[in-house]
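Engineer: Any chance you can model this:
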Amino acid sequence: MEESGLKILLVDDEAKFLDSISERVRLKGFEPLPARSGGEALEIARNTQLHAAVVDLKMPDMDGLTVITKLKEIQPDIRTVLLTGFGDDKVREAAEALDAAYFEKDEMGRFWSFLTGMGTKDFRVLLVDDEKKFLDTLSDRVRLKGFEPIAAQGGREALEIARKTKIHAAVVDLKMPGMDGLVTITKLKEIQPDIKTVLLTGFGDDKVKEAAEAIDAAYFEKDEMGRFWNFMKKLQRSLEDGMA
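Structural biologist: Modelled structure (predicted):
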């Protein structure tokens, strides 16, 4: 298989397992970069741009959660996976708190499905908000979730992007100068009828929620971002199933 050019850092102190997973990652079309310790992994991250890191939990010099934390300090956009033979619910929760995927070594089928999807499916999410600071923050978080964010600071810019680029989903602010979020979503659906849409607002009420539902848009307020991210996770699974 031709390599995708995506560099995957693999961190495990067990040489035999590291060699095996490196070969399998190469067969999946990625470029594996093996490291036998946390320290070696961090050194690689300081010198090489990485797409993702798959990190073992128990290692002599530094545990996997610490390695992931430090990797994200070096490369904030890196996607991370904690892969362990010694997992439990507390470890899973700790991984999720670091925004890292979690897999145990006895469920490698699920892990390989996840990794394959990481490299072959680019889900473009159009983010529309006139507040640049919020837009930048949302873009960074969406990227970490495995989507490709495309930012627009208004409805007209969003429509121009939609005319030129295939978009899988759009997250649109309600109150913007020139064109509100409901109008923007309506026009986006005219350009790309299959697009999934979300109205995300700090000024919502029941009438706005009903208006969003009437145009088949999900509705979230900015003070309930936890629910929004859960929705985005389900949306990603739905898109993956649709493209499988």
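Engineer: Give the rounded mean pLDDT of stretch 108-118.
Structural biologist: For stretch 108-118, mean pLDDT rounds to 78.
Engineer: The protein: strands as residue ranges?
Structural biologist: 7-11, 31-35, 52-56, 79-84, 101-104, 124-128, 148-152, 169-173, 196-201, 218-221 (DSSP state E).
Engineer: Save these as TSV, and put in distance to residue 161, mean neighbour count and mean pLDDT too.
Structural biologist: Bear in mind the C-beta positions are built from the backbone N, C-alpha and C, glycine included. Below are the strands of the chain laid out as TSV (distance: least, C-beta to C-beta, whole Å; neighbours: other C-beta atoms under 10 Å; pLDDT from 0 to 100):
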stretch	distance to residue 161	mean neighbour count	mean pLDDT
strand 7-11	28	24	95
strand 31-35	31	19	96
strand 52-56	27	25	95
strand 79-84	24	23	91
strand 101-104	29	20	89
strand 124-128	6	24	94
strand 148-152	6	19	90
strand 169-173	9	25	96
strand 196-201	14	24	94
strand 218-221	20	20	93
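Engineer: I'd like those strands as TSV, with distance to residue 228 appended.
Structural biologist: Converted to TSV, the strands of the chain look like this (distance: least, C-beta to C-beta, whole Å):
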stretch	distance to residue 228
strand 7-11	29
strand 31-35	34
strand 52-56	24
strand 79-84	20
strand 101-104	19
strand 124-128	12
strand 148-152	14
strand 169-173	8
strand 196-201	7
strand 218-221	4
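Engineer: Of the ones you listed, which is nearest residue 160?
Structural biologist: Residue 160 lies closest to strand 148-152 among the strands of the chain, at 8.1 Å (C-beta to C-beta).
Engineer: Report the strands that pair with the closest one, each with its relative direction.
Structural biologist: Pairing partners of strand 148-152, with direction, according to DSSP bridges: strand 124-128 (parallel).
Engineer: low pLDDT regions in this protein?
Structural biologist: Scanning the chain for pLDDT under 70 picks out the ranges 1-5, 117-122, 240-244.
Engineer: Where do the domain boundaries of it fall?
Structural biologist: 7-120, 124-243 (automatic domain parsing).
Engineer: how distant is the first one from the center of its chain?
Structural biologist: Offset of domain 7-120 from its chain centre (C-alpha atoms, centre = their mean, to the nearest Å): 15 Å.
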